[in-house]
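[1] how does the following fold in three dimensions:
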Amino acid sequence: MGNYVVSFSGGMDSTALLLYLIARSQSERANIKAISFDYGQKHRIELQCARKNAERLSVLTGVVINHQIVDLTDAFSDSISSLSSGGGVEIPQGHYADENMKSTVVENRNVIFSAIVYGKALSFSKTLNQDVTIALGIHQGDHTIYPDCRPESYELAKELFRISNWDSERIHYEAPFLHIDKASILKMAVESLDTLGLQSHFEEIFSNTNTCYTPASTGEACGRCGACNERLLAFSALSLPDPICYR
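    Below is the predicted model of the structure:
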């Protein structure tokens, strides 16, 4: 059985990762712990998406997906990132290559997430008395703007966690999207749905993902922030209609 712990934001990439793991482990019935984080993000609607898709994919695939939302609002209450509720800077529009996109960096966010995920993986491994793999959804497009998504960051963090814990030999890592872009990630998601015989559920699953940094209270994406631009380019590259609503 494939035992996985996944950082599951509720966005396009983490949903694609979940589908990939389920499809790849179809013959051995994956056992997945999906961890979402409430860190005071302005786009907190992504947590609702994560909950809905975790429940729906469990039903559609028969795979055990144990979903948990970890409250880190106090840990990030001093953040001045434009993504944080307490941050005074407006979320910029444009593309990730633009200098102003650095305001969307949340201080040490992914390193903190990684430490918690590692602790969850260790506990999961001890409970099962089996090896557990931490699956990461980081991809090529993250590397420029977000230093804590770069390979050298997660490699050093992985080594730190290894030497700081007993039984670390039972924890493994996988980052299948590390060297590919968002269009390739979406293509892998489509292929995973094909493998699972769930092609007809593509619209249902991906209409329930949030990528936007400034979604409306009713869920519509802005279509102008860096995250929306990158998502729209990915769907366009595959000549697929994006099933979410834009305002």
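[2] secondary structure element for the closest residue in space to Thr211 that isn't next to it in sequence, which one?
    Computed as Cβ to Cβ, 6 or more residues apart in numbering, the closest residue to Thr211 that is not its neighbour in sequence is Arg231, at 4.4 Å. Using the backbone N, CA and C atoms, a C-beta is placed for each residue, glycine as well. Applying DSSP states H and E as the criterion places Arg231 in helix 226-237.
[3] how far out from the middle of the chain is that helix?
    16 Å (Cα atoms, centre = their mean, to the nearest Å).
[4] same thing with stretch 129-140?
    Centre-to-centre, stretch 129-140 and its host chain are 12 Å apart (Cα atoms, centre = their mean).
[5] buried stuff in it?
    For stretch 129-140, the neighbour count (16 or more other Cβ atoms under 10 Å) marks Val132, Thr133, Ile134, Ala135, Leu136, Gly137, Ile138, His139 as buried.
[6] for the residue located most distally from the centre of the chain, helix, strand, or coil?
    The C-alpha centroid of the chain is most remote from Trp166, which lies 27.1 Å away (Cα atoms, centre = their mean). Recorded secondary structure, Trp166: coil (DSSP: H, G, I helix; E, B strand; the rest coil).
[7] do the same with the one 10 residues further on
    Three-state secondary structure (criterion: three-state DSSP) places Pro176 in coil.
[8] that one: neighbour count?
    Neighbours of Pro176 under the rule other Cβ atoms under 10 Å: 18.
[9] skipping its backbone neighbours, what lies nearest it in space?
    In space, and not counting its chain neighbours, Pro176 is closest to Tyr20: 6.1 Å by Cβ to Cβ, 6+ apart.
[10] how near is Thr127 to Phe8?
    19 Å (Cβ to Cβ, to the nearest Å).
[11] these two: who's more crowded?
    Phe8 (30 against 11).
[12] quick one, what contacts the more buried one?
    Counting by Cβ atoms under 8 Å, 6 or more residues apart in numbering, Phe8 touches Ser14, Thr15, Leu17, Leu18, Ala34, Ile35, Ser36, Ala50, Ala54, His67.
[13] what's the answer for Thr15, then?
    Phe8, Asn53, Ala189, Ile205, Phe206, Thr209.
[14] nearest residue to the first one other than its sequence neighbours?
    Across the structure, with Cβ to Cβ, 6+ apart as the measure, the residue nearest Phe8 apart from its sequence neighbours is Ala34 (3.9 Å).
[15] burial count for the one you found?
    With other Cβ under 10 Å as criterion, Ala34 counts 27.
[16] that one contacts Leu47, doesn't it?
    No - in this structure Ala34 lies outside contact range of Leu47 using Cβ atoms under 8 Å: 11.6 Å.
[17] let's see the pLDDT reported for Cys149.
    pLDDT, Cys149: 86.
[18] what about it, distance to Glu107?
    14 Å.
[19] of those two, which one has the most company?
    Cys149 (21 against 13).
[20] quick check: which element contains His67?
    Going by DSSP H and E, His67 is in strand 64-71.
[21] and for Cys49?
    Going by DSSP H and E, Cys49 is in helix 45-61.
[22] next one: that helix to chain centre, how far?
    Here helix 45-61 is found 13 Å from its chain centre; the criterion is Cα atoms, centre = their mean.
[23] just the strands in the chain please.
    Secondary structure of the chain (DSSP state E): strands located at 3-7, 31-38, 64-71, 132-135, 171-174.
[24] just give me the longest helix of this protein.
    When the chain is parsed with DSSP state H, its longest helix is helix 109-128.
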